[in-house]
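K.L.:
sequence-free structure coming up:
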């Protein structure tokens with residue numbers, strides 16, 4: 001039976017290593033990498049807040065103290081943030097289990113810190129309330145279901161889960177946004193370690209729940225969404241968000257800005273520079289004379305020297321350029 005509804009809490013998983021970002025992840029934790037002028041994790045905090053969730057717990061890794069330092073108690077973002085450290089990288093199910101005490105008897109919406117989406121999380125919450133179940137899972141349609149957790153459905157119910165199947169039986173994958181209850185912690189305790197990856201998978205806990213007779217519903221994310229797993233993903237996500245809500249300030253005389261872009265008022269742009277399209281500049285950046293930059297994410301405080309040409313790249317705060325192939 002579904003628990004009596006109490007206050008809906010938020011849980012964000014931000015303990016991943018971000019290894020596919022290479023040296024960049026050693027300087028900046030992936031949750032703090034920006035897209036369209038805002039850190040990935042803040043996009044998700046804002047999504048929870050807009051859906052009415054203001055008490056949020058974030059699971060971070062031991063080497064992600066920057067996340068806590070940057071976000072603090074969350075009051076500047078209109079929420080209240082608490083943190084739990086995942087000392088070992090043992091997967092998503094293990095990460096969620098660490099929040100058991102904080103979630104208590106409340107239902108909660110869990111999401112990944114590297115989700116980017118135009119999806120309104122309040123739609124997930126409303127579906128969960130309108131069609132009561134033990135849990136409600138957001139899913140999305142994909143042409144390549146082998147890359148994620150696939151769900152097999154019957155009516156509103158999810159009846160089976162497959163993790164990166166060789167021969168998928170469905171084109172619906174888990175979207176990394178779920179409304180869950182305290183039952184999930186007991187199911188996680190029964191989940192076995194994946195010997196190959198050395199992690200506890202959340203879909204395995206969901207499968208246990210279904211086998212034990214719990215009712216899990218699914219709802220389709222019809223809007224654009226993606227997970228940011230690679231530098232290329234970050235550029236793709238940045239471009240898509242800029243198309244949706246790019247902003248700019250009037251550029252300095254003698255430079256060209258080609259939208260969509262994100263340019264804070266604190267940025268300085270030299271004469272003859274060409275900025276855009278699909279460029280997100282961080283606070284306090286300095287763009288030198290004659291610079292040509294397109295399809296790029298530039299972190300706070302970066303200085304790009306005169307005459308530089310940057311295309312399909314991420315530039316860190318030290319001015320180091322990480323070019324993206326493809």
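P.N.:
Looks like it arrived, so ask away. Quick caveat, the model's predicted, so the values are computed rather than measured.

K.L.:
for the strand or helix carrying residue 208, name the packing helices and strands.
P.N.:
Using DSSP states H and E, residue 208 sits in helix 202-211. Packing contacts for helix 202-211, counted by 3 or more C-beta pairs under 8 Å, 6 or more residues apart in numbering; DSSP states H and E, involve helix 92-97, strand 135-141, strand 157-163, helix 183-189, strand 216-220. The way it works is simple: take the backbone N, C-alpha and C, and place the C-beta from them, glycine included.

K.L.:
show me what the first one is packed up against.
P.N.:
Packed against helix 92-97, as judged by 3+ C-beta pairs under 8 Å, 6+ apart, are the following elements: strand 9-14, helix 183-189, helix 202-211.

K.L.:
from the ones you listed, which stretch is densest packed?
P.N.:
Each of the helices and strands packed on helix 92-97 was scored by mean neighbour count; the highest is strand 9-14, a mean of 25, by mean count of other C-beta atoms under 10 Å.

K.L.:
other residues contacting the helix or strand following that strand?
P.N.:
Remark: after strand 9-14, the chain's next helix or strand is helix 23-27, criterion DSSP H and E. Contact partners of helix 23-27, identified using C-beta atoms under 8 Å, 6 or more residues apart in numbering, comprise 17, 18, 19, 33, 231, 314, 316, 317, 318, 322.

K.L.:
now the element after helix 23-27, going C-ward?
P.N.:
strand 34-35.

K.L.:
ok, residue 78 to residue 188 distance?
P.N.:
Separation of residue 78 from residue 188 (C-beta to C-beta, to the nearest Å): 30 Å.

K.L.:
next: residue 315.
P.N.:
Distance from residue 315 to residue 188, by C-beta to C-beta: 40 Å.

K.L.:
residue 287: how many residues sit nearby?
P.N.:
With neighbours defined by other C-beta atoms under 10 Å, the count for residue 287 comes to 29.

K.L.:
what does the biggest strand by length in the chain rub up against?
P.N.:
Secondary structure of the chain per DSSP state E: the longest strand is strand 172-180. For strand 172-180, the external contacting residues (C-beta under 8 Å, 6+ apart) are 8, 96, 107-112, 115, 117, 119, 121, 124-125, 128, 135-142, 145, 147-151, 153, 161, 203, 218, 220-221, 225, 227.

K.L.:
please, a ChimeraX command that selects the buried ones among those?
P.N.:
Of these, the buried ones go into a single ChimeraX selection, burial set by 16 or more other C-beta atoms under 10 Å:
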select :8,96,107,108,109,110,111,112,115,117,119,121,124,125,128,135,136,137,138,139,140,142,145,148,149,150,151,153,161,203,218,221,225,227
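
K.L.:
okay, now the domains of this protein?
P.N.:
Residue ranges for the domains of the chain, per automatic domain parsing: 9-227, 238-323.

K.L.:
could you dump the ones you listed to TSV with mean pLDDT?
P.N.:
Shown next, in TSV, are these (pLDDT from 0 to 100):
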stretch	mean pLDDT
domain 9-227	94
domain 238-323	93
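
K.L.:
helix, strand, or coil at the spatially closest residue to residue 102 that is not a sequence neighbour?
P.N.:
Residue nearest to residue 102 in three dimensions, not counting chain neighbours: residue 57, with 4.9 Å by C-beta to C-beta, 6 or more residues apart in numbering. For residue 57, the secondary structure call by DSSP: H, G, I helix; E, B strand; the rest coil comes out as strand.

K.L.:
please verify my assumption that residue 57 contacts residue 11.
P.N.:
Yes - the pair residue 57 / residue 11 is scored as a contact, 5.2 Å apart, by C-beta atoms under 8 Å.

K.L.:
now do the shared contacts for these two.
P.N.:
Residues touching both residue 57 and residue 11 (C-beta under 8 Å, 6+ apart) are 99, 103.

K.L.:
relative to residue 243, how far out is residue 79?
P.N.:
Taking C-beta to C-beta, one finds residue 79 at 27 Å from residue 243.

K.L.:
between these two, who's got more neighbours?
P.N.:
Between residue 79 and residue 243, residue 79 has the larger neighbour count (other C-beta under 10 Å), namely 18 against 14.

K.L.:
residues contacting that one?
P.N.:
So residue 79 contacts 10, 45, 48, 49, 53, 54, 55, 56 (C-beta under 8 Å, 6+ apart).

K.L.:
in the sheet, who's paired with the nearest residue to the fifth one once chain neighbours are set aside?
P.N.:
In this case it means residue 53. Using C-beta to C-beta, 6+ apart and skipping residues adjacent in sequence, the residue nearest residue 53 is residue 10, 4.2 Å away. Residues in a beta bridge with residue 10, per DSSP bridges, are residue 56, residue 109.

K.L.:
residue 10 and residue 108 touch, don't they?
P.N.:
Yes - counting by C-beta under 8 Å, residue 10 does reach residue 108; the two are 6.5 Å apart.
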